[in-house]
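> Mind folding the following:
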Amino acid sequence: MKLDFKNIQEKDLPLVKEIYDWYIENSTATFHTQPISLDELKELLYFDHHLYHSFLIYADEELAGYCFTTHFKKRQAYNRTAEVTIYLKNGFGGKGIGKKTLHFIEEKAKNNGIKNLLGIITGDNTGSIALFSKCGYFECANFKNVGEKFGKILDVVGYQKEI
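Residues are numbered from 1 along each chain as shown. So this is what the prediction gives:
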């Protein structure tokens, strides 16, 4: 499977929103409980930032998802660390796309001087936990019972990799 990554532009936000809305409505992978607006989505992604990037993921020329890095905390001393996020369209999981995407985003981050990547994952998201673990990330945090969605009380786990 051939993967291509395209920088997300503002005109791509409806594509990203469609993918993200599926997760809002059908999973605990995000703690948003209502679809977000394009303006709210714009606040989550970076378009032309020197450290953080957002990409559409294409598998064999078909839109398969999106990924991005963002600040861990908005303080300059944390600029060596970024949070990484991957959302694949429903039906694209289990095909190796996540692993290749994580490798791609790690290289981009490393080239930008990022030294640590963090994955912040809902505790019951076994697919993402398995992906990050297979790719050399280790569990570094476990926040117990911090979220609630679909009547479930949920943990959040943090995974880290020094790149």
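
> rest of the way, CA atoms for contacts and neighbours
Will do.

> Quick check: next helix or strand after the least confident helix or strand in the chain by mean pLDDT?
Here the helix or strand of the chain ranked lowest by mean pLDDT, DSSP states H and E is helix 38-44, holding a mean of 92. Next helix or strand after helix 38-44 toward the C-terminus (DSSP states H and E): strand 54-59.

> Now do the strands in the protein.
3-7, 54-59, 62-71, 81-88, 116-122, 138-149, 152-162 (DSSP state E).

> which residues sit against the second one?
So that's strand 54-59. 1-8, 16, 45-47, 63-69, 97, 101 (C-alpha atoms under 8 Å, 6 or more residues apart in numbering).

> again, 10 Å this time
With contact meaning C-alpha atoms under 10 Å, 6 or more residues apart in numbering, strand 54-59 is reached by 1-9, 12, 15-16, 44-48, 63-70, 84-89, 92, 95, 97-98, 101, 105.

> Pull out the buried positions in stretch 128-139.
128-129, 131-132, 137-139 (16 or more other C-alpha atoms under 10 Å).

> Residue 86 bridge partners, please.
When bridges are called by DSSP bridges, residue 86 pairs up with residue 67.

> now stretch 105-122: how far from the chain's centre is it?
11 Å (C-alpha atoms, centre = their mean, to the nearest Å).

> what about residue 126, how many residues close to it?
11 (other C-alpha atoms under 10 Å).

> How much space separates it from residue 12?
The gap separating residue 126 from residue 12 is 29 Å, by C-alpha to C-alpha, to the nearest Å.

> Quick one: neighbours of residue 75, just the number.
By other C-alpha under 10 Å, neighbour count at residue 75 equals 8.

> Residue 48 too?
12.

> Also the one 5 residues further on?
Residue 53 is flanked by 21 other residues according to other C-alpha under 10 Å.

> That one contacts residue 107, correct?
No - using C-alpha atoms under 10 Å, residue 53 makes no contact with residue 107, being 11.7 Å away.

> Can you give me the first-to-last residue distance of stretch 107-115?
11 Å.

> which residues touch residue 72?
Residue 72 touches 78-84, 116-120, counting by C-alpha under 10 Å, 6+ apart.

> Cool, thanks, signing off.
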